[in-house]
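> no sequence on this one, just coordinates:
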């Protein structure tokens, strides 16, 4: 059995994922992993399909999901949940989140129009034919429609052109950027309550990235608060983490008795530098989550 796993993979069921489940399965085999989990953004159908395909291929897996949420100080917090069984309740919750993001995207379009950009809902749908729930999708549509706008030159030929949609989103559209809008998004506490209702582990995804602008003492305080609220684990191993991040969050996991998990956060062309299995996540992380799921049920 391989000593490595990948517990954070996005398929084309994610609004920003690229590859279909069978192709992802091939990449999991090529990487020589013994366990893997599909964790699409606010969507469970791909993971349900993948669970059956992976198990039929002799690989260990459970269902997974990555919930997009908003935390204190407007932090963008993603929560991974594993091993869910109550599919109906979860489908209802994810439908609510996707509806929220559709409303938010349309409000952002109104704001961008008021700032002189040419952009419509149909432009966003051309970028992503499912509900375009993520800001970078909108930002990519804006850049394509407004290529002669001088404000966008850094994202077309300049210093921010390496990942233009994502960079324009974080610089201008994401709060507190100049083109942001006020909106009460799904809160991290809501996602923790949902995980508790489903009796499944709730894991803080890529915390080093989500809290990158916070000093270490505030990071610890934030994690401690989530633990009190019901957080079960923390994604210590992540493609978004430096060596120092990994060591820091490993220390917090031990201090606050949190599950240690890890994954690549593979998306495909949206994050071309990230490969399935490219990060050496110990198989023990997967086994620990399986043990926790058994205890919670």
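Thanks, I have it. None of the values given here were measured: they were computed from a predicted structure.
> now the strands for the stretch 1-150 of the chain?
Taking DSSP state E, counting those that start in this stretch as the test, the strands found in the stretch 1-150 of the chain are 4-9, 35-38, 64-70, 76-82.
> could the ones you listed be laid out in TSV, adding distance to residue 147 and mean neighbour count?
C-betas here are computed from N, CA, C, even on glycine. As requested, the strands of the stretch 1-150 of the chain are arranged in TSV below (distance: least, C-beta to C-beta, whole Å; neighbours: other C-beta atoms under 10 Å):
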stretch	distance to residue 147	mean neighbour count
strand 4-9	33	28
strand 35-38	35	29
strand 64-70	29	24
strand 76-82	27	24
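> TSV for those, including mean pLDDT and distance to residue 255?
As requested, the strands of the stretch 1-150 of the chain are exported to TSV (pLDDT from 0 to 100; distance: least, C-beta to C-beta, whole Å):
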stretch	mean pLDDT	distance to residue 255
strand 4-9	98	22
strand 35-38	97	25
strand 64-70	93	24
strand 76-82	95	20
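> Tabulate those strands (JSON lines), appending distance to residue 125.
As requested, the strands of the stretch 1-150 of the chain are arranged in JSON lines below (distance: least, C-beta to C-beta, whole Å):
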{"stretch": "strand 4-9", "distance to residue 125": "26"}
{"stretch": "strand 35-38", "distance to residue 125": "24"}
{"stretch": "strand 64-70", "distance to residue 125": "19"}
{"stretch": "strand 76-82", "distance to residue 125": "23"}
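> residue ranges with poor pLDDT in the stretch 101-250 of the chain?
129-133 (pLDDT under 70).
> in the stretch 1-150 of the chain, which spans are helices?
Per DSSP state H, counting those that start in this stretch, the stretch 1-150 of the chain carries helices over the ranges 21-30, 45-56, 87-114, 121-127, 135-145.
> Any chance of these in TSV with distance to residue 282 as columns?
Converted to TSV, these look like this (distance: least, C-beta to C-beta, whole Å):
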stretch	distance to residue 282
helix 21-30	16
helix 45-56	19
helix 87-114	28
helix 121-127	37
helix 135-145	31
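> Thanks again, I'm all set now.
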